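Undergrad: fold the following, please.
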Amino acid sequence: MRQRKLGATDTEVSAVGLGCMGMSWGYAESTRDDTVSISVLRGALDRGVSFVDTSDVYGDGHNEVLVGEGIRGRRSEVVLATKCGLVVDDLASRVMHRDGSPRHLRTAIEASLRRLRVDAVDLYYLHRVDPQVPLEDSWGALAEFVAEGKVARLGLSEVTPEQASLAHRIHPVTAVQSELSLWTRDALAPGADMVAWCADNGAAFVPYSPLGRGFLTGTVSGPADFEESDFRASSPRFAAGAIEPNLRIVEVARRIANRRHVTPAQVAIAWTLGQGEHVVPIPGTKKESYLAENIAAADIVLTEQDMDELDRAPAAVGARY
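TA: Next up is the predicted model:
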């Protein structure tokens, strides 16, 4: 597995990490199988994946427990990332609210360490900025956890360049995690280019959902593909009227995949990797076969022509949420 630096630190991580959210909630929850997920997690470590991502909000703590079991006995092989600042109100409907208060964040880190069964987290993100709490207060609290040895490095999720700069003046931002894929390019938008901000400020950029929640694999035909509890069943981009125009994006990836003798999913991941050496995507999966496919994308180097064709792919129809 190719390696990339985690921001301006000396720590290296696998060029493709593993996002673990879907193992606990969000997608096809009726198929959730902890035993299989743990096997996938350990299989990822066996294949050289060293960057594992979770959050206290995924399954209301379930995902951290799962990840803790998956890395048990192999802690030294993992750069472990988790998040705080979101609180589940209703698990079934996945309703949540933001809480960036220092008091809550301290409770959150202690609970995460217990669930993960570790002494410290390698990368701790503020999952969302709480508009009711000054970012300086939330970020200052996280910096205290670094001083106490509970956390090694700090990150932000879904922030603006202005918010990242404010936090960075208080304590270094090691990574920023935001959605980025061929159908979600907000993080590359002029004036809001977080990928560029990270490059300029010595931070890693960590794209989540680089496969467009599975759509960019080319295996999704419509909302009927999802069970009622699946997040995508009510997502605007997966609605019947959006599927057909959005398939134009997949067709661009498929054309390049056929030319390179790879899969559309691998092209989609390789496109995120092509945004810079500081970019480390974290595709998620619950299946060993897809894990192998995702990992292999790290070895694909797209040409300038490939990247240009992908950059000119149509914009997605429908809002993200």
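Undergrad: model confidence for Y321, exactly?
TA: In the predicted model, Y321 carries a pLDDT score of 86.
Undergrad: what sits against it?
TA: Shown here is Y321, whose contacts under the criterion Cβ atoms under 8 Å, 6 or more residues apart in numbering are 235-236. C-beta coordinates here come from the backbone N, C-alpha and C atoms, glycine included.
Undergrad: show me where the stretch 51-200 of the chain has its helices.
TA: Using DSSP state H, counting those that start in this stretch, the helices assigned to the stretch 51-200 of the chain run over residues 62-70, 102-116, 135-147, 161-170, 194-201.
Undergrad: got these as TSV, with mean pLDDT columns?
TA: Below are the helices of the stretch 51-200 of the chain laid out as TSV (pLDDT from 0 to 100):
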stretch	mean pLDDT
helix 62-70	98
helix 102-116	98
helix 135-147	98
helix 161-170	98
helix 194-201	98
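Undergrad: turn those helices into JSON lines, including mean neighbour count and distance to R47.
TA: JSON lines is the format used below for those (neighbours: other Cβ atoms under 10 Å; distance: least, Cβ to Cβ, whole Å):
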{"stretch": "helix 62-70", "mean neighbour count": "23", "distance to R47": "14"}
{"stretch": "helix 102-116", "mean neighbour count": "18", "distance to R47": "21"}
{"stretch": "helix 135-147", "mean neighbour count": "18", "distance to R47": "30"}
{"stretch": "helix 161-170", "mean neighbour count": "17", "distance to R47": "32"}
{"stretch": "helix 194-201", "mean neighbour count": "19", "distance to R47": "26"}
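Undergrad: quick one: closest of the ones you listed to I295.
TA: Proximity to I295, assessed across the helices of the stretch 51-200 of the chain by Cβ to Cβ, is greatest for helix 62-70 (16.1 Å).
Undergrad: hmm, who's touching that closest one?
TA: Contacts of helix 62-70 from elsewhere in the structure, counted by Cβ under 8 Å, 6+ apart, are 20-21, 23-25, 34, 37-38, 41-42, 52, 54-56, 58-59, 80, 82, 112, 115-118.
Undergrad: between it and helix 102-116, how many degrees?
TA: With axes from the mean of the first three to the mean of the last three Cα atoms, to 10 degrees defining the directions, helix 62-70 sits at 40 degrees from helix 102-116.
Undergrad: so the closest residue to V195 other than its chain neighbours is in which element?
TA: Closest residue in space to V195, ignoring its immediate chain neighbours: F205 at 5.0 Å, by Cβ to Cβ, 6 or more residues apart in numbering. Using DSSP states H and E, F205 sits within strand 204-208.
Undergrad: that strand versus helix 194-201: what angle between them?
TA: With the same axes, to 10 degrees as the basis, strand 204-208 and helix 194-201 are set at 160 degrees to each other.
Undergrad: now strand 204-208: mean pLDDT?
TA: Along strand 204-208, the predicted local confidence has a mean pLDDT of 98.
Undergrad: for it, which helices and strands make contact with it?
TA: Packed against strand 204-208, as judged by 3 or more Cβ pairs under 8 Å, 6 or more residues apart in numbering; DSSP states H and E, are the following elements: strand 175-179, helix 194-201.
Undergrad: now the ones you listed in JSON lines, with distance to S229?
TA: Formatted as JSON lines, the entries for the helices and strands packed on strand 204-208 read as follows, by distance: least, Cβ to Cβ, whole Å:
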{"stretch": "strand 175-179", "distance to S229": "21"}
{"stretch": "helix 194-201", "distance to S229": "31"}
